[in-house]
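Peer 1: sequence-free structure coming up:
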């Protein structure tokens, strides 16, 4: 009977330790997930910042071309007016 009780006590202690490890693992998993989400968010923001910069650069070039075309149209209209 004492051996049986001792074995049961050991089994309960082992079960309790495993249960605590499982709880810690779940909490640890939650922490890891949060860290990964943070890292993913930083990477995504960085990629989006890069894309935003590229788009802004292209818009600036496009606007410069439009302004140049507008100036050329003014010159053409002025020259046309002189030809009349």
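Peer 2: Right, received. Where do you want to start? This is a predicted model, so every value here is computed, not measured.

Peer 1: what sits against the most centrally placed residue in the chain?
Peer 2: Centroid-nearest residue in the chain, with C-alpha atoms, centre = their mean: residue 44, separated by 2.4 Å. Neighbouring residues of residue 44 by C-beta atoms under 8 Å, 6 or more residues apart in numbering: there are none. (C-beta placed from N, C-alpha, C; glycine too.)

Peer 1: so it is in which element?
Peer 2: Counting by DSSP states H and E, the element that carries residue 44 is helix 2-83.

Peer 1: just give me how far that helix sits from the chain centre.
Peer 2: 0 Å (C-alpha atoms, centre = their mean, to the nearest Å).

Peer 1: re earlier: now do the residue nearest to the centre of the chain against residue 51, distance only.
Peer 2: 10 Å (C-beta to C-beta, to the nearest Å).

Peer 1: and residue 11, by the same measure?
Peer 2: Distance from residue 11 to residue 51, by C-beta to C-beta: 58 Å.

Peer 1: check residue 45 too.
Peer 2: As judged by C-beta to C-beta, residue 45 and residue 51 stand 11 Å apart.

Peer 1: could you do residue 37 as well?
Peer 2: According to C-beta to C-beta, residue 37 and residue 51 sit 21 Å apart.

Peer 1: now swap in residue 15 and tell me
Peer 2: 53 Å.

Peer 1: also residue 18?
Peer 2: 48 Å.

Peer 1: for residue 2, same thing?
Peer 2: Relative to residue 51, and taking C-beta to C-beta, residue 2 is found at 72 Å.

Peer 1: higher neighbour count, these two?
Peer 2: The neighbour comparison of residue 2 against residue 51 (other C-beta atoms under 10 Å) goes to residue 51, with 10 against 6.

Peer 1: let me see the contact set for the more buried one.
Peer 2: Per C-beta under 8 Å, 6+ apart, neighbours of residue 51: none.

Peer 1: do the same with residue 16
Peer 2: Going by C-beta under 8 Å, 6+ apart, the list of residues near residue 16 is empty.

Peer 1: got the confidence number for it?
Peer 2: Listed pLDDT for residue 16 reads 72.

Peer 1: same thing with residue 22?
Peer 2: Reading off the confidence values, residue 22 has pLDDT 66.

Peer 1: good, we can wrap up now.
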